[in-house]
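1. model the following, please.
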Amino acid sequence: MSGYNDLRKEMVERQIKARGVRDPLVLDAMARVPRERFVPDRLKGQAYWDRPLPIDAGQTISQPYIVAYMIEALALKGGEKVLEIGAGSGYAAAVLAEIASEVYTIERHGTLAAKASTALQDAGYTNVHVFHGDGTRGWEDEAPFDAILVSAGAPFVPETLKSQLARGGRMVVPVGSDPRAQELVRVTRHDKGQFDREDLADVRFVPLIGEQGWEGEPEDTQTAPPRLIQHRPRQSEALPRLIRTFAEPFEDVENAPLDMMMDRIGDARVVLIGEASHGTSEFYRMRALITKRLIEEKGFTIVAAEADWPDAARIDHYVRHREMPPSEWQAFARFPTWMWRNEEVRAFTDWLHDWNAPRAPLTRVGFYGLDLYSLFNSTLAIIDYLEDVDPDLARIARHRYGCLSPWEADPAAYGHAALTGAYRNCEDDVTAMLIDLMRKRQEYALSDGERFLDAAQNAALVANAEKYYRIMYYGSRASWNLRDDHMFETLLNVMKFHGEGSRAVVWAHNSHIGDARATEMSRRGERNLGELCARGFGNESYRIGMGTDRGTVAAASDWNGPMEVKQVRPSHLQSYERQFHLSGLPGLILPLRAGHELDVATELSKPRLERAIGVIYRPETELASHYFEAELPRQFDEYIWVDKTSAVMPLTTGQIRGLPDTYPFGT
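-> Numbers count the residues shown, from 1 in each chain. Got it, this is the predicted structure:
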């Protein structure tokens with residue numbers, strides 16, 4: 001037994017607490033429940049593994065972390081009456097029973113219901129009641145319930161279950177019309193039959209079968225995302241040969257042939273240049289070379305990066321020789337510092353500084369940040385601006401933004417506190433501030449349009465960031481969409497400020513600039529900046545992706561962990577990267593937009609795996625954590641390949657406490 005106790009303790013620390021579950025009631029419950037009692041005998045040795053396990057009737061016992069954060073989302077205080085739909089092995093009911101006074105659990109499979117009941121009794125849980133029946137109908141005789149946990153994916157939120165919630169009660173349920181993927185939502189009942197719904201997380205559960213669920217076993221209900229992975233993958237020389245035939249090869253980045261690419265870009269107004277990792281020198285250098293040509297030859301005046309607005313403003317202050325005192329704080333000094341504070345970016349900003357020097361202020365190229373993590377630096381920037389132009393509104397701003405000040409060191413803690421009701425949310429305060437600022441748009445902009453743009457964008461950032469930190473806690477698709485929507489809106493605002501016909505270069509990860517509709521992101525309900533630009537600008541947007549096979553990369557193993565120079569594993573056999581590696585070229589540029597090399601584009605259109613390395617890289621779990629399915633020619637208009645790459649050279653900097661700039665996505 002001591003062996004299981006040690007494994008259970010390690011599970012709680014590494015799989016649950018380390019991923020952000022904070023509720024002490026949940027952590028204590030997970031530490032007490034003997035999970036090994038709820039798995040088949042043959043799998044007891046895997047009971048504390050970080051994954052779901054098969055049980056009888058084609059069902060699974062969920063990954064421990066999933067159980068923990070679903071129960072945490074119920075926001076139990078202790079002593080409640082709880083209903084669970086989908087007893088399965090009985091494990092989640094046991095965890096609930098450690099917190100609630102009474103747990104009622106329903107299982108539609110008779111064999112599972114019997115086994116769960118026995119396992120719960122043997123483990124000493126006398127406050128759990130197991131019923132064999134249709135869970136979508138609930139347990140009317142015992143209603144109302146303070147909380148309802150649904151452990152199977154439903155096509156919609158069952159109305160019967162909503163009606164069995166007590167006032168103030170909460171239900172957590174996976175919902176989605178696609179049985180392969182659901183959104184975990186929380187429904188809260190208020191007075192007069194009103195309900196609030198919050199999107200929490202992207203999940204994948206077995207289907208909820210019943211009167212108010214799926215009518216029968218839906219097709220293709222596997223619990224893992226579809227992947228084109230074979231045990232003995234076939235290799236063909238046809239595609240690598242096509243790539244080699246139509247590629248524009250180069251030996252090193254500095255000598256890459258860009259003339260034909262410039263012709264293909266044509267009159268595009270937005271050129272999005274990606275990267276397959278945030279820590280690869282060749283990607284940054286290539287991006288800088290393309291951007292210089294766009295500035296020199298096509299009149300681009302905007303460089304917009306996957307970086308926070310106020311941090312990028314420090315670079316903008318330098319490259320545009322702006323006549324205003326610089327901020328007192330150091331830009332890009334939070335994790336991951338190396339993403340922008342590196343020699344490669346400094347070389348480009350020095351070039352941009354020199355390029356702008358002889359030019360009139362209104363024609364200089366600006367550097368802007370599109371991201372939304374700088375919650376507190378942005379509030380300070382707004383207050384500083386208002387102190388100069390409107391001291392009365394500055395006093396109001398200090399009061400309103402004071403709602404957020406207790407969470408300056410850890411904005412995620414604010415999101416968790418607001419979600420659980422431990423602290424009021426600040427949405428009304430930050431929204432009112434944005435509205436008041438925009439009401440005075442004409443007055444402020446006339447006095448100093450450049451500074452008003454900065455203040456207005458910071459106010460929009462704070463409003464979106466406040467919402468982001470409330471919904472990002474569970475890793476929901478809603479938080480991803482909010483972030484990329486904010487990037488797109490920021491890009492539009494900057495281009496509007498620069499005037500009709502303005503042109504922008506965007507620097508961001510492949511996962512942001514490639515069209516999400518061509519990847520498995522779309523099946524999860526996610527959109528991205530590349531898709532929004534394609535919809536908004538049509539053929540006037542141009543997307544360039546990048547990739548590599550092996551080499552080194554600057555990345556961390558964990559959030560807020562130290563930067564390491566890591567070896568990039570050779571690409572997976574079923575990936576696009578492997579096909580490019582087999583071309584035998586050290587570097588190449590391949591056009592993909594329709595109307596160019598259709599033979600190779602058609603062959604590349606067959607879905608394959610694609611690798612994405614963010615600020616986190618874990619080679620040991622690479623297939624699960626760093627690959628996704630895509631159709632390359634629909635994702636990008638152009639693809640740049642560097643077979644062997646090297647890590648960026650970071651600049652020395654101090655570390656400021658706070659969330660990582662790309663938390664929780666890593667890209």
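2. going by C-alpha atoms from here, please, whenever you check contacts or count neighbours.
-> Will do.
3. just checking, I85 touches S151?
-> Yes. With contacts counted by C-alpha atoms under 8 Å, I85 reaches S151, the gap being 5.9 Å.
4. higher neighbour count, the two?
-> Counted by other C-alpha atoms under 10 Å, I85 and S151 do not tie: I85 has more neighbours, with 27 against 24.
5. the more buried one and P174: what is the separation?
-> 11 Å (C-alpha to C-alpha, to the nearest Å).
6. overlap in contacts, the two.
-> Shared contacts of I85 and P174, defined by C-alpha atoms under 8 Å, 6 or more residues apart in numbering, are found at 150-152.
7. among those residues, name the ones in strands.
-> Per DSSP state E, strands hold the following members of the shared contacts of I85 and P174: V150.
8. would you turn the shared contacts of I85 and P174 into a markdown table with distance to R398?
-> Below are the shared contacts of I85 and P174 laid out as a markdown table (distance: C-alpha to C-alpha, whole Å):
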| residue | distance to R398 |
| --- | --- |
| V150 | 43 |
| S151 | 44 |
| A152 | 46 |
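9. which of the shared contacts of I85 and P174 sits closest to M521?
-> For the shared contacts of I85 and P174, the closest approach to M521 (C-alpha to C-alpha) belongs to A152, at 21.7 Å.
10. how many neighbours does R346 have?
-> 15.
11. again with R535
-> 12.
12. where does pLDDT dip in the stretch 1-150 of the chain?
-> Scanning the stretch 1-150 of the chain for pLDDT under 70 picks out 1-2.
13. still on that earlier bit, closest to E427 out of the shared contacts of I85 and P174?
-> Taking the shared contacts of I85 and P174 together and measuring to E427 by C-alpha to C-alpha, the closest member is V150, at 29.1 Å.
14. the closest one: what's it in contact with?
-> V150 touches 84-86, 171-174, counting by C-alpha under 8 Å, 6+ apart.
15. likewise for R543?
-> Counted by C-alpha under 8 Å, 6+ apart, R543 has contacts 271-274, 513-514, 530, 635-638.
16. ok, now M546?
-> Residues counted as contacts of M546 (C-alpha under 8 Å, 6+ apart) are 274-276, 283, 510, 639-642.
17. secondary structure element for T552?
-> strand 541-555 (DSSP states H and E).
18. average pLDDT across that strand?
-> Taken as a whole, strand 541-555 has a mean pLDDT of 97.
19. which residues of the stretch 201-350 of the chain fall in helices?
-> Assigned by DSSP state H, counting those that start in this stretch, the stretch 201-350 of the chain shows helices spanning 238-246, 259-265, 281-298, 309-319, 343-356.
20. distance between the first one and the chain's centre?
-> To tie it back to what came earlier, the one meant is helix 238-246. The chain centre lies 34 Å from the centre of helix 238-246; the measure is C-alpha atoms, centre = their mean, to the nearest Å.
21. quick one, phi/psi of G45?
-> Dihedral pair for G45: phi -70, psi -20, per degrees, to the nearest 10.
22. wait, H129
-> Backbone torsions of H129, given as degrees, to the nearest 10, read phi -120, psi 120.
23. count of neighbours near it?
-> For H129, the count of nearby residues is 16 (other C-alpha under 10 Å).
24. could you give the bridge partners of it?
-> Beta-bridge pairing of H129 under DSSP bridges involves Y104.
25. so who does it touch?
-> Contacts of H129 (C-alpha under 8 Å, 6+ apart): 102-105, 117.
26. if you rank those residues by neighbours, which is first?
-> Most neighbours among the contacts of H129, by other C-alpha under 10 Å: T105, with 30 neighbours.
27. surely it is in contact with S89?
-> No. Using C-alpha under 8 Å, T105 is not in contact with S89, being 10.9 Å away.
28. after the helix or strand encompassing A31 comes which helix or strand?
-> Following DSSP H and E, one finds A31 within helix 24-32. Downstream of helix 24-32, the next assigned helix or strand under DSSP H and E is strand 53-54.
29. what strands line up against that following strand, and which way round?
-> Counting by DSSP bridges, the strands paired with strand 53-54 are strand 60-61 (antiparallel).
30. does P358 count as helix, strand or coil?
-> coil (DSSP: H, G, I helix; E, B strand; the rest coil).
31. the helix holding A31: how far from the chain's middle?
-> Here helix 24-32 is found 27 Å from its chain centre; the criterion is C-alpha atoms, centre = their mean.
32. give me the buried stretch members for that helix, please.
-> 25-27, 29-31 (16 or more other C-alpha atoms under 10 Å).
33. mind putting those in JSON lines, distance to S541 included?
-> JSON lines is the format used below for these (distance: C-alpha to C-alpha, whole Å):
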{"residue": "L25", "distance to S541": "50"}
{"residue": "V26", "distance to S541": "48"}
{"residue": "L27", "distance to S541": "48"}
{"residue": "A29", "distance to S541": "52"}
{"residue": "M30", "distance to S541": "50"}
{"residue": "A31", "distance to S541": "52"}
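34. out of those, who's nearest A18?
-> L27 (11.1 Å).
35. which residue is the nearest non-sequential neighbour of that closest one?
-> V12 (6.7 Å; C-alpha to C-alpha, 6 or more residues apart in numbering).
36. checking my notes, the one you found in a helix, right?
-> Yes. With three-state DSSP as the criterion, V12 is assigned to a helix.
37. any idea how far A201 is from it?
-> V12 is 20 Å from A201, by C-alpha to C-alpha.
38. same question for S177.
-> For S177, the distance to A201 - C-alpha to C-alpha - is 15 Å.
39. higher neighbour count, these two?
-> With neighbours defined as other C-alpha under 10 Å, S177 and A201 compare such that A201 has more, 23 against 13.
40. so that one makes contact with G176?
-> No. The criterion here is C-alpha under 8 Å, and A201 misses it with G176 at 11.7 Å.
41. what residues are shared contacts of those two?
-> Counting by C-alpha under 8 Å, 6+ apart, the residues touching both A201 and G176 are E183.
42. if anything else comes up later, I'll come back, but that's it for now.
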